[in-house]
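>>> what would the 3D arrangement of this be:
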Amino acid sequence: RHLSCYFLSTHEESCTMEDDEAVNALCPSWAISVGYLGVASAACLSNWGSAWGTWKAGVSLLHTGIRHPSSVMKNVIPVVMAGVIGIYGLIVAVILAQSISKPSNDRENSYSIYTGMAHLCAGLACGISGLAAGGCIGIVGDHGVRAVGYRASQISLFPSSTEKAGYSNIPDQDLGGEGEISGSEDQNKLFVGMLIMLIFSEALALYGLIVALIVSQHAYVCGE
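The predicted structure follows:
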């Protein structure tokens, strides 16, 4: 209340009206919709990124498995990492949904616009980070799995090269002499490089999750 409310009893009614207007400005009825928009953003955008990454990496995994079935289980890692992104969005969405308070029986709204904007920010931080990470994992996994499969099957990407039919003609173990590099070693180098890129791509979604968890703790409750 204003200082005049404590010293001038004749202004009590006007001060009460000013307090009601201030509460209505801080806690409008549409503030809850902003908070639930953050919940939807966290869940939908993260699942979108997860589906995108699973689609891109899964198609290349099945394509490579036709010629080199033994590499399917090892190259399924991009699909698993893409699926984890959806869990990040689920965690943030549940936390935000539990933090949204409903109006009282007297139709008094305690959920402020400050809290709603904080929840919207948290949902967008997690959702957009998950979407970007899912796309990155899908593209890296797509090209990485195909590269490992091409090396395993000794397929050349250039039309002028001689095509080799059947499964891999490269041994799965190093049978050569000293100083020679086997096909298995080449595959491992490609796989390790792909795995490192996938880890840093997954970290993008983790950064968004951390920021979302911190921002979701910011709240202002009207009436306190």
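>>> now do the helices in this protein.
Here the chain has its helices, by DSSP state H, at 4-7, 12-26, 31-67, 77-99, 113-153, 183-215.
>>> endpoints of stretch 96-114, how far apart?
When the termini of stretch 96-114 are compared using CA to CA, to the nearest Å, they are 14 Å apart.
>>> could you list the low-pLDDT ranges of this protein?
1-24, 105, 107, 152-187, 223-224 (pLDDT under 70).
>>> still on that earlier bit, include distance to Asp106 when you put the helices of the chain into TSV, please.
C-beta: built from backbone N, CA, C; applies to glycine. As requested, the helices of the chain are exported to TSV (distance: least, CB to CB, whole Å):
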stretch	distance to Asp106
helix 4-7	23
helix 12-26	13
helix 31-67	16
helix 77-99	21
helix 113-153	20
helix 183-215	30
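>>> of the ones you listed, which stretch is the most buried?
Highest mean neighbour count among these (mean count of other CB atoms under 10 Å): helix 113-153, with a mean of 24.
>>> which residue is nearest the middle of the protein?
Gly130 (1.9 Å; CA atoms, centre = their mean).
>>> return the residues in contact with that residue.
Leu45, Ser46, Trp48, Gly49, Ser50, Ile85, Gly86, Tyr88, Gly89, Ala205, Gly208 (CB atoms under 8 Å, 6 or more residues apart in numbering).
>>> find the nearest non-adjacent residue to it, please.
Counting by CB to CB, 6 or more residues apart in numbering, Gly130 lies nearest to Ser46, which is 3.5 Å off, once chain neighbours are set aside.
>>> correct me, but that neighbour touches Gly127?
Yes. Ser46 lies in contact with Gly127 (CB atoms under 8 Å); the separation is 5.3 Å.
>>> which residues are in contact with each of the two?
Shared contacts of Ser46 and Gly127, defined by CB under 8 Å, 6+ apart, are found at Gly89.
>>> reformat the contacts of Gly130 as TSV; add distance to Val34.
Shown next, in TSV, are the contacts of Gly130 (distance: CB to CB, whole Å):
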residue	distance to Val34
Leu45	16
Ser46	19
Trp48	21
Gly49	23
Ser50	25
Ile85	24
Gly86	23
Tyr88	21
Gly89	18
Ala205	23
Gly208	19
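>>> ok so, going back, so which of the helices of the chain comes closest to Val221?
Proximity to Val221, assessed across the helices of the chain by CB to CB, is greatest for helix 113-153 (7.5 Å).
>>> for that closest one, the distance to its chain's centre please.
5 Å (CA atoms, centre = their mean, to the nearest Å).
>>> what's the answer for stretch 62-70, then?
28 Å.
>>> same thing with stretch 72-84?
16 Å.
>>> can you get me a residue count around the nearest residue to Ile32 once chain neighbours are set aside?
Excluding the flanking residues, the one nearest Ile32 by CB to CB, 6+ apart is Tyr111, at 5.3 Å. For Tyr111, the count of nearby residues is 24 (other CB atoms under 10 Å).
>>> quickly note the distance from Tyr207 to Thr115.
Relative to Thr115, Tyr207 is positioned 23 Å away (CB to CB, to the nearest Å).
>>> same check on Ile100?
In terms of CB to CB, Ile100 sits 8 Å off from Thr115.
>>> what sits in contact with each of these two?
Gly35.
>>> quick check: the residue nearest to Ile32 touching Leu96?
No. Here Tyr111 lies out of contact with Leu96, judged by CB under 8 Å, at a distance of 11.8 Å.
>>> need the overlap of contacts for the two.
Contacts common to Tyr111 and Leu96, judged by CB under 8 Å, 6+ apart, are Gly35.
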